[in-house]
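> The sequence isn't on hand, but the structure is:
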């Protein structure tokens, strides 16, 4: 199977879902929204078809889809309650939502992201839901870094990794892992539905599961600590999360005792992937990538 085969098959599936009663005769062109090793996403009209990573567990994905269906207004509900198999990949169907505009960072919906996250964290945890996959990605990123070969940025990242607590360097659950969590929060995980001007909802259930809610705050916290997220945007996010009753940090006072370890682990994960990609492509780190490596270098052992 080639990448083009998968894209063509996904597009056909999206067309059938968009026009279940008849063959497609509309003038809408298919659009590839993502084409990566871990996800291929194609849109046709108001329908999106997603092929998940090759190692996706269909039973776990089905449980995650059921959570999304039960939390409309927080998570984008799927068009179908279970995945199907296509060319050896698990495929899900979704309504299309308008993503965050990367060209207008001043309009980034930090308050909406934080409020949705708090609502997710307060939702009941269904029986049988798998663990959140977010923390395990840090260990996989380090393994990828070690396999990438020598690179001048590897040393600070590995030293920072060795300085993390044992649970953060393994696949063990985080302390306090009893909450419904997204697992991979960033602004690319928000869309407006219905498009183009509906309310914001969270997308991407691949990492959804039971975990410690602080992990979902780790990426914006890490960006802020690395100087990549302006203080006013971080404050908007944190304030909105607290106002919505989010349980990951105390309602008042310094949030960093709760955030510190998760933010460090996410920084190390980001830096490890950046260095691994840099080594594979034989190119230097860009400014943002260098910033997260420098942040690792500043972490105490």
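Great, that's in hand. In this text the structure is predicted, and so the values were computed from the model without any measurement.
> only C-alpha atoms for contact and neighbour calcs from this point on.
Fine.
> per-residue pLDDT, residue 301?
As predicted, residue 301 sits at a pLDDT of 62.
> actually residue 24, not the one I wrote
75.
> how much space between the closest residue to it other than its chain neighbours and residue 208?
Excluding its sequence neighbours, the residue lying closest to residue 24 (Cα to Cα, 6 or more residues apart in numbering) is residue 15, at 6.5 Å. Between residue 15 and residue 208 the distance is 27 Å, computed by Cα to Cα, to the nearest Å.
> Residue ranges in the chain under the pLDDT threshold?
Across the chain, the ranges flagged by pLDDT under 70 are 1, 25, 27, 171-173, 301.
> For the residue nearest the centre of the chain, what is the enclosing helix or strand?
Nearest residue to the geometric centre of the chain (Cα atoms, centre = their mean): residue 184, 2.7 Å. Using DSSP states H and E, residue 184 maps to neither a helix nor a strand.
> The nearest residue to it once chain neighbours are set aside: how many residues sit nearby?
Nearest non-adjacent residue to residue 184, counting by Cα to Cα, 6+ apart: residue 134, 6.0 Å away. If you count neighbours by other Cα atoms under 10 Å, residue 134 ends up with 22.
> cool, and residue 149?
A count of nearby residues for residue 149, using other Cα under 10 Å, gives 12.
> What's the separation between it and residue 289?
18 Å.
> same question, residue 297
13 Å.
> And for residue 138?
Taking Cα to Cα, one finds residue 138 at 16 Å from residue 289.
> Same check on residue 245?
In terms of Cα to Cα, residue 245 sits 33 Å off from residue 289.
> same check, this time on residue 159
Per Cα to Cα, residue 159 is found 17 Å from residue 289.
> Ok, residue 81 next?
Residue 81 is 38 Å from residue 289, where distance means Cα to Cα.
> Could you pull out the strands in the stretch 201-301 of the chain for me?
Remark: strands assigned in the stretch 201-301 of the chain by DSSP state E, counting those that start in this stretch are 209-211.
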